[in-house]
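Return atomic coordinates for the entry below.
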Amino acid sequence: QVQPVESGGGLVQAGGSLRLSCAASVGTFNVYTMGWFRQAPGKEREFVARITWSGYGTYYADSVKGRFTISRDKSKNTVYLQMNSLKSEDTAVYYCAVKTNVFGSNWNSPGSYDHWGQGTQVTVSS
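Have a look, this model is predicted:
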């Protein structure tokens with residue numbers, strides 16, 4: 001069983017920073033990538049960033065490029081999302097997701113991931 005657990009959300013003023021963490025117990029599963037997604041009220045869940053299990057490949061949504069950084073501590077099976085220069089439009093529930101399959105042509109799509117955390121709320125006040 002793969003169970004990602006997020007932490008680090010909270011309330012921050014616009015222009016501030018937060019760091020989210022996702023610890024995932026992966027057991028014997030092969031992990032191909034871990035990603036962060038977010039969902040604002042009334043909107044669909046959207047891709048934010050992902051990192052390959054090797055740590056060499058990182059990918060970002062255009063809306064967060066240059067402000068967010070995803071990284072991984074392989075020894076701890078933990079992925080981080082450093083969020084700087086936060087904007088009110090970054091307000092959402094942030095979810096960590098783990099992909100343990102090679103299916104799907106779009107690895108930025110939520111439907112491509114098979115294990116999800118419970119989510120952590122990030123609120124940016126303007």
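
Secondary structure element holding the spatially most central residue of the chain?
The chain has Trp36 as the residue nearest its centroid, 1.6 Å off, counting by Cα atoms, centre = their mean. Assessed by DSSP states H and E, Trp36 sits inside strand 33-39.

list the helices and strands that strand packs on?
Strand 33-39 sits against strand 18-25, strand 46-52, strand 78-83, strand 92-99, with contacts defined as 3 or more Cβ pairs under 8 Å, 6 or more residues apart in numbering; DSSP states H and E. Placement of C-beta: from N, CA and C, glycine included.

Give me the sheet partners of that strand and which way each runs.
strand 46-52 (antiparallel), strand 92-99 (antiparallel) (DSSP bridges).

list the contacts for Gln118?
Contacts for Gln118 (Cβ atoms under 8 Å, 6 or more residues apart in numbering) come out as 5-6, 95.

just curious, which of those is nearest to Lys43?
Tyr95 (13.2 Å; Cβ to Cβ).

What's the local residue count around the closest one?
If you count neighbours by other Cβ atoms under 10 Å, Tyr95 ends up with 23.

just the one 3 residues further on next, same as before
Val98 has 25 neighbours, counted by other Cβ under 10 Å.

That one touches His115, doesn't it?
Yes. The pair Val98 and His115 passes the contact test of Cβ atoms under 8 Å, sitting 4.2 Å apart.

so what sits against both of these two?
Common neighbours of Val98 and His115, counting by Cβ under 8 Å, 6+ apart, are 2, 4, 24.

Including pLDDT and neighbour count, could those go into CSV?
Shown next, in CSV, are the shared contacts of Val98 and His115 (pLDDT from 0 to 100; neighbours: other Cβ atoms under 10 Å):
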residue, pLDDT, neighbour count
Val2, 83, 17
Pro4, 93, 24
Ala24, 90, 23
